[in-house]
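J.: Here you go, sequence then predicted model.
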Amino acid sequence: MGERRLVVGLGPVPPASVEPTLGDGVEFRPEPTPEDLARAEGAIVRAAVPVGEEQLAAMPRLRVLARTGVGTDLVDLDAAARRGIPVAVTPGSNTHAVAEGAFAHLLHLVKRLAPLTELVRGGGWAERASIPVGDLEGATLGIVGYGRIGRRVRELAAAFGMDVLAYDPVAEVPDEIRTERLEDLLGAADAVTLHLPLLERTRHLIDAAALGRMREGAFLVNVSRGGLVDEDAALAALESGRLAGLGLDAFDPEPARPHPLYRHPATVLTPHVMGLSARAAEATFVQAAEAVRAVFDGGAPAATAR
């Protein structure tokens, strides 16, 4: 019997989640040595792990790189392309989880859960009227980015009785909710959620000028990529009252470094985990393993970064 093909995990990848899909003819190493990297024909890569020239050079036999999730801003796609290595992604595996995460943040902010929790803990029941609670029903939600997650956010918004506007510079948006310009959406929405990839043209898409176009007292939620929001500008918008609340599941950089924004009481912060529910994480790992298996079987991944 010949040597089994080797697949390595770059970042935490549970063997039990990928080995059944990879199959008996494949060996998986979750904590690869340099020798393992030199032998590896496949790699399953977590979101926070950078893969550039140096990492690719350490894996000269690599045939496929499967990224858990869809963001590839930490992967040198040009370097992979020069080596003929497809970079697989796993779209759809965490769509529902991320969309739910957006609403978890939004509800936390609109319903004032953090200050009300502290009020009860501090014995301040009699002062409960001093913390007004908002509503989603009848409010207008602006969805920036109308891919899988943006479409699911629209479905959830409908369940809450919200009106919806959407903007996407590339994807098709239904006529009844489409805004041609981002500034039109920002000026009309009571809350805005972000669902775009981080590209050069989208970095700091939400800057001081964009925040200045938002409604006074609006809410902003980013469960996509940290670089979409200028955090200094967001802090200024919170302090001025332009923003009533900010929810972040994505930061720039990651791990997040200390920033005065994160200490503001009108923020809700989670460490880029809204797409990592137990069900979503398992689906992501299985889909990544399927991409590797497809290449080993002479085919191509179901979805690639390019």
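T.: Great, that's in hand.
J.: could you pull out the helices for the chain?
T.: 15-22, 34-39, 53-57, 77-82, 95-110, 113-121, 148-159, 182-188, 208-213, 231-240, 278-296 (DSSP state H).
J.: got a list of contacts for the longest one?
T.: Applying Cβ atoms under 8 Å, 6 or more residues apart in numbering, the set of residues contacting helix 278-296 from outside is 5, 7, 13-14, 17-19, 21-23, 25-26, 41-42, 44, 63-64, 66-69, 86, 88, 90, 92-94, 96-98, 275, 300-303. Heads up, the C-betas are built off the backbone N, CA and C, glycines and all.
J.: thinking again about what came up before, out of the helices of the chain, the one nearest H195 is which?
T.: For H195, the closest of the helices of the chain is helix 148-159, at 4.4 Å, according to Cβ to Cβ.
J.: Now do the closest one against helix 95-110: the angle between them, please.
T.: Using axes from the mean of the first three to the mean of the last three Cα atoms, to 10 degrees, the inter-axis angle of helix 148-159 relative to helix 95-110 is 50 degrees.
J.: Excluding covalently adjacent residues, which one is nearest to R181?
T.: Counting by Cβ to Cβ, 6 or more residues apart in numbering, R181 lies nearest to Y167, which is 7.4 Å off, once chain neighbours are set aside.
J.: same question but for G217, I mixed them up
T.: Excluding its sequence neighbours, the residue lying closest to G217 (Cβ to Cβ, 6+ apart) is A244, at 4.4 Å.
J.: shouldn't the one you found be in contact with V268?
T.: No - look at A244 against V268 with Cβ atoms under 8 Å: they stay out of range, at 12.0 Å.
J.: Tell me how far E172 lies from V164.
T.: Using Cβ to Cβ, to the nearest Å, one obtains 15 Å as the distance from E172 to V164.
J.: before we move on, what about E53?
T.: E53 sits at a distance of 43 Å from V164 (criterion: Cβ to Cβ).
J.: more neighbours, those two?
T.: Shown here are E53 and V164; by other Cβ atoms under 10 Å, V164 has more neighbours (18 against 13).
J.: and the more buried one, how far is that from G150?
T.: 10 Å.
J.: hey, what's in contact with both of those two?
T.: Residues touching both V164 and G150 by Cβ under 8 Å, 6+ apart: I143.
J.: what about the closest residue in space to A300 that isn't next to it in sequence, neighbour count?
T.: Leaving aside its chain neighbours, A300 sits nearest to A294 (6.2 Å; criterion: Cβ to Cβ, 6+ apart). Using other Cβ under 10 Å, A294 has 17 neighbouring residues.
J.: now do the one 3 residues further on
T.: Neighbourhood size, D297 [other Cβ under 10 Å]: 9.
J.: Need the distance between the two termini of stretch 267-286.
T.: In stretch 267-286, first residue to last residue: 34 Å (Cα to Cα, to the nearest Å).
J.: And stretch 128-140, by the same measure?
T.: Using Cα to Cα, the two ends of stretch 128-140 sit 26 Å apart.
J.: Residues in contact with it: which ones?
T.: 106-107, 110-112, 115-116, 119, 157, 160-165, 188-191.
J.: Contact partners for the residue nearest the centre of the chain?
T.: Among the residues of the chain, the one closest to the centroid is S224, at 3.4 Å (Cα atoms, centre = their mean). Residues near S224 by Cβ under 8 Å, 6+ apart: 145, 149, 194-198, 250.
J.: Let's see that with 10 Å instead.
T.: 70-71, 98, 102, 144-145, 147, 149-150, 193-198, 202, 249-250, 272, 274-275 (Cβ atoms under 10 Å, 6 or more residues apart in numbering).
J.: what do you get for A38?
T.: Contact analysis of A38 by Cβ under 10 Å, 6+ apart lists 6, 32, 58-62.
J.: Distance of it relative to L62?
T.: For A38, the distance to L62 equals 10 Å [Cβ to Cβ].
J.: Could you do R293 as well?
T.: For R293, the distance to L62 - Cβ to Cβ - is 15 Å.
J.: cool, and I177?
T.: With distances taken as Cβ to Cβ, I177 is found 43 Å from L62.
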